[in-house]
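Trainee: Just need the structure, nothing else, for what follows:
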Amino acid sequence: MTVVKSTLSEKALGVTAPALQDTLVDLLGLSLVGKQAHWNIVGPRFRSIHLQLDEVVATARAHSDTVAERAAALGVSPDGRPETIAATFALPGTKDGWLRDTEVVELMVSTLEAAIGRLRERITATEEADPVTQDLLISITADLEKERWMFAAENQSH
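Mentor: Numbering: from 1, shown residues only. You can find the predicted model right below:
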């Protein structure tokens, strides 16, 4: 069933739809990784990193909504079901149990770097297919790069 007819050609939609769906999965998964770390972090920098994780989660959730709505606007049904996320999430995730503050920082840097790398591939892929989606992906990348920088700075010594 098609509820909304896309303004994109079939060829452009064939590139754009998977870019949006994969980004949705990455963002929803990132928000879950952030919350899992948020609940299980321990260590002397607990409070500052705990709060910083909330920022990542809020950013990922806000962008996931925008991505899903972009897909819907193009006539593509976004799929954020738990089983879809579980089956297709490909970014680094948390281990089970308590996490040292230093582990959380390393985890978030690597997870954000992976998400950014995947976004950059989609930015390239959507350049001709859909500049509007490309612009959205660029914006998300900028926000995730800012979050990655903040976590990377946490483990630096003078």
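Trainee: contacts, neighbours, all on C-alpha from now
Mentor: Fine.
Trainee: From the contact counts, what lies against the host helix or strand of Q134?
Mentor: Of the helices and strands defined by DSSP states H and E, Q134 is found in helix 131-154. Using 3 or more Cα pairs under 8 Å, 6 or more residues apart in numbering; DSSP states H and E, the elements in contact with helix 131-154 are helix 46-73, helix 101-129.
Trainee: In CSV: those helices, plus mean pLDDT, mean neighbour count and distance to E10.
Mentor: Below are these laid out as CSV (pLDDT from 0 to 100; neighbours: other Cα atoms under 10 Å; distance: least, Cα to Cα, whole Å):
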stretch, mean pLDDT, mean neighbour count, distance to E10
helix 46-73, 97, 19, 14
helix 101-129, 97, 20, 10
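Trainee: Any chance of a markdown table for the ones you listed, columns distance to P92?
Mentor: Supplementary listing: the helices and strands packed on helix 131-154 in a markdown table, determined by distance: least, Cα to Cα, whole Å:
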| stretch | distance to P92 |
| --- | --- |
| helix 46-73 | 15 |
| helix 101-129 | 5 |
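Trainee: And these: which comes nearest Q21?
Mentor: Smallest distance to Q21 across the helices and strands packed on helix 131-154 (Cα to Cα): 7.7 Å, for helix 46-73.
Trainee: which one of the helices and strands packed on helix 131-154 lies closest to T7?
Mentor: Going through these one by one, with Cα to Cα as the measure, helix 46-73 comes closest at 8.8 Å.
Trainee: Past the closest one, which element shows up next along the chain?
Mentor: helix 82-88.
Trainee: So what touches that next one?
Mentor: For helix 82-88, the external contacting residues (Cα atoms under 8 Å, 6 or more residues apart in numbering) are V25, L28, G29.
Trainee: run the last query once more with 7 Å
Mentor: Helix 82-88 has contacts (Cα atoms under 7 Å, 6 or more residues apart in numbering) with V25, G29.
Trainee: Return the residues in contact with L30.
Mentor: A60.
Trainee: and it, what pLDDT?
Mentor: Per-residue pLDDT puts L30 at 98.
Trainee: so where's the longest helix in this protein?
Mentor: Identified as the longest helix of the chain according to DSSP state H is helix 10-40.
Trainee: Please name the residues that touch the spatially most central residue of the chain.
Mentor: Ranked by distance to the mean C-alpha position of the chain (Cα atoms, centre = their mean), the top residue is L27 at 2.7 Å. With contacts taken as Cα under 7 Å, 6+ apart, L27 has the following neighbours: A60, R61, S64.
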